[in-house]
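just the structure for this:
(one chain, ligands or ions: 2)
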Amino acid sequence: MTQTLTALLDKARHTSELTYEELLQLLSLPDEQIPELMAAADEVRQNTVGNQVHLRGIIEFSNYCRQHCCYCGLRADHSTASRYRLTPEQIIDTAAAAAKTGYRTLVLQSGEDPLIPAETIAELTREIKKLDVAVTLSCGERSYDVYRLWREAGADRYLIKQETADPALYKCIRPGHTLQERLQCQKWLKELGYQLGSGCMIGIPGQTVEILARDLQLMKEMNTDMSGMGPFIPHPQTPLKSGTTGSISMTLKMLAAARLYMPWLLLPATTALASLHPKGRELALRAGANVIMPNVTPEHVRSMYQIYPGKLNTRDSMTDYYNRIKDIVESEGRTLATDFGHSMHPAFQL
Ligand code: 5AD
Ligand code: SF4
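Numbers count the residues shown, from 1 in each chain. Ligands and ions are numbered 1, 2, ... in the order given. As a prediction, this is how the structure comes out:
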């Protein structure tokens with residue numbers, strides 16, 4: 001029998017042991033009950049991971065990709081996309097500027113660019129670690145040996161989202177690949193001592209609320225340290241161009257449910273949500289989020305990293321942008337973290 005929302009949220013305030021049916025109930029709430037859910041998630045966030053918001057500066061260093069993900073504007077088949085690849089010098093200069101601005105974590109993100117040798121990324125990691133920052137890599141599916149090389153070079157975290165917990169839907173949106181392979185990568189990363197960033201898109205065509213509940217369960221099973229969950233935004237040059245944009249309400253419900261179900265989670269207010277709603281970041285921060293990932297990619301290439309259309313872009317200088325994000329954080333009564341913002345998963349050890 002379904003319990004009342006108040007009873008369910010009372011339970012969730014005391015224990016994160018929510019059942020599949022309870023997750024489903026949270027994700028099926030009508031819009032008018034979302035504020036009550038967000039308030040509970042906000043309370044749990046305050047009592048577990050506290051008031052701090054962690055900033056991660058993202059450097060999108062190459063938008064070449066050999067993959068064919070049906071949702072993404074960087075897919076290899078998008079032959080008219082303008083492509084770029086930053087030089088190691090440009091990447092290191094950007095990283096140095098970001099560290100000087102105040103970022104304590106830098107994320108090196110790219111498509112699966114076959115022309116950048118794994119050793120180059122290892123060398124970049126070594127150089128950037130000298131700036132006294134945590135390094136997250138987000139460069140797709142690689143072999144165990146490559147992940148080991150990068151870990152030994154000093155990478156702290158790796159971001160590789162599950163995208164969807166449903167094996168059949170996964171096959172559809174990532175042709176030629178299986179969810180199993182993706183999870184194998186995540187297991188290797190965990191084994192190598194990386195902090196794992198997962199996540200999923202919300203509103204991909206064919207997704208159901210049952211699949212979203214399963215997404216949360218799978219992230220918990222994989223001992224995910226961080227989860228980036230943002231709305232799907234259809235890209236006109238992809239097979240999923242006629243899909244409907246993911247809903248802001250469902251995104252907020254997923255964030256809040258994730259906070260209740262995995263209280264330790266590093267939970268970003270995603271750029272996709274901020275791209276859809278002018279107060280997207282603020283809403284996410286009120287729904288349990290505690291991470292923001294501003295883009296610090298050099299301006300001359302920034303608009304080319306078009307995974308979806310309308311991706312938030314800014315003409316602010318790196319310092320102005322940092323200060324603007326700080327203002328958003330502080331206007332929500334929160335503070336910017338000054339430490340590395342490592343995982344708060346109960347099993348995590350440095
Ligand atoms: N809409 C929203 N998010 C997307 N991503 C890729 N394409 C889209 C899209 N059309 C997200 C995926 C991927 C990351 C690079 O961006 O979750 O992991
Ligand atoms: Fe490439 Fe990642 Fe886009 Fe897939 S989601 S096409 S792997 S950049």
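
from here on, contacts and neighbour counts on C-alpha atoms
Will do.

list the contacts of Pro346.
Applying C-alpha atoms under 8 Å, 6 or more residues apart in numbering, one finds that Pro346 lies in contact with Trp264.

ok, it to ligand 2 distance?
Distance, Pro346 to ligand 2, using C-alpha to the nearest ligand atom, to the nearest Å: 29 Å.

what distance do you get for that residue to ligand 1?
Applying C-alpha to the nearest ligand atom, the value for Pro346 to ligand 1 is 25 Å.

element containing that residue, please.
Per DSSP states H and E, Pro346 falls between elements, in no helix or strand.

count of residues packed around the closest residue in space to Thr338 that isn't next to it in sequence?
Using C-alpha to C-alpha, 6 or more residues apart in numbering and skipping the chain neighbours, the partner closest in space to Thr338 is Arg104 (7.2 Å). In terms of burial, Arg104 registers 22 neighbours under the definition other C-alpha atoms under 10 Å.

test my guess that Arg104 contacts Leu55.
Yes - with contact defined as C-alpha atoms under 8 Å, Arg104 reaches Leu55; the gap is 7.4 Å.

now the spatially closest residue to Pro205 that is not a sequence neighbour: how far from ligand 2?
Counting by C-alpha to C-alpha, 6+ apart, the nearest residue to Pro205 once its immediate chain neighbours are dropped is Gly243, at 5.8 Å. As for Gly243, its distance to ligand 2 is 16 Å (criterion: C-alpha to the nearest ligand atom).

repeat for Leu265
In this structure, Leu265 and ligand 2 are 23 Å apart, going by C-alpha to the nearest ligand atom.

with Met38 instead?
The gap separating Met38 from ligand 2 is 29 Å, by C-alpha to the nearest ligand atom.

got it, and Leu9?
Using C-alpha to the nearest ligand atom, Leu9 is found at 35 Å from ligand 2.

likewise Lys241?
The gap separating Lys241 from ligand 2 is 14 Å, by C-alpha to the nearest ligand atom.

hang on, the earlier thing: just list the residues touching the residue nearest to Thr338, thanks.
Counting by C-alpha under 8 Å, 6+ apart, Arg104 makes contact with Leu55, Arg56, Asp132, Val133, Ala134, Thr338, Asp339, Phe340, Gly341.

from these, which two are the most distant?
Using C-alpha to C-alpha, the contacts of Arg104 reach their maximum pairwise distance at Leu55 and Asp132, which is 14.8 Å.

tell me which of the two has more neighbours.
Of the pair Leu55 and Asp132, Leu55 is the one with more neighbours under other C-alpha under 10 Å, namely 26 against 12.

what residues are up against the residue lying closest to the more buried one once chain neighbours are set aside?
Nearest non-adjacent residue to Leu55, counting by C-alpha to C-alpha, 6+ apart: Ile292, 5.0 Å away. With contacts defined as C-alpha under 8 Å, 6+ apart, Ile292 is in contact with Val53, His54, Leu55, Arg56, Pro268, Ala269, Thr270, Arg281.

Glu282 contacts Asp327, correct?
No - taking contacts as C-alpha under 8 Å, Glu282 lies outside contact range of Asp327: 10.9 Å.

tell me which parts of this protein are close to ligand 1?
Residues of the chain lying close to ligand 1 by C-alpha under 6 Å from any ligand atom are 71-72, 161, 163, 200-201, 231-235, 307-308.

ok, of these, which one's closest to ligand 2?
Cys72 (4.5 Å; C-alpha to the nearest ligand atom).

so what's the closest one closest to, chain neighbours aside?
Ile307 (5.0 Å).

so what's the one you found up against?
Residues counted as contacts of Ile307 (C-alpha under 8 Å, 6+ apart) are Cys72, Gly73, Leu74, His235.

which pair in these spans the largest distance?
Using C-alpha to C-alpha, those span at most 9.8 Å, a distance reached by Leu74 and His235.

who has more neighbours out of those two?
Applying other C-alpha under 10 Å to Leu74 and His235 shows that Leu74 carries more neighbours, namely 30 against 22.

circling back: any chance of the residues of the chain next to ligand 1 in CSV, plus pLDDT and secondary structure?
CSV is the format used below for the residues of the chain next to ligand 1 (pLDDT from 0 to 100; DSSP: H, G, I helix; E, B strand; the rest coil):
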residue, pLDDT, secondary structure
Tyr71, 98, coil
Cys72, 98, coil
Lys161, 98, coil
Glu163, 98, strand
Cys200, 98, strand
Met201, 98, strand
Pro231, 98, strand
Phe232, 98, coil
Ile233, 98, coil
Pro234, 98, coil
His235, 98, coil
Ile307, 96, coil
Tyr308, 96, coil
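
pick the one among the residues you listed closest to Leu216.
Compare each of the residues of the chain next to ligand 1 with Leu216 using C-alpha to C-alpha and the shortest gap goes to Cys200, at 9.2 Å.

report how many residues lie close to the residue nearest to the closest one when sequence neighbours are not counted.
With C-alpha to C-alpha, 6+ apart as the measure, Glu163 is the residue that lies nearest to Cys200, at 3.9 Å, once sequence neighbours are left out. Here the neighbour count serves as a burial measure; for Glu163 (other C-alpha under 10 Å) it reads 21.

can you check Ala40 too?
Other residues near Ala40 come to 23 when the count uses other C-alpha under 10 Å.
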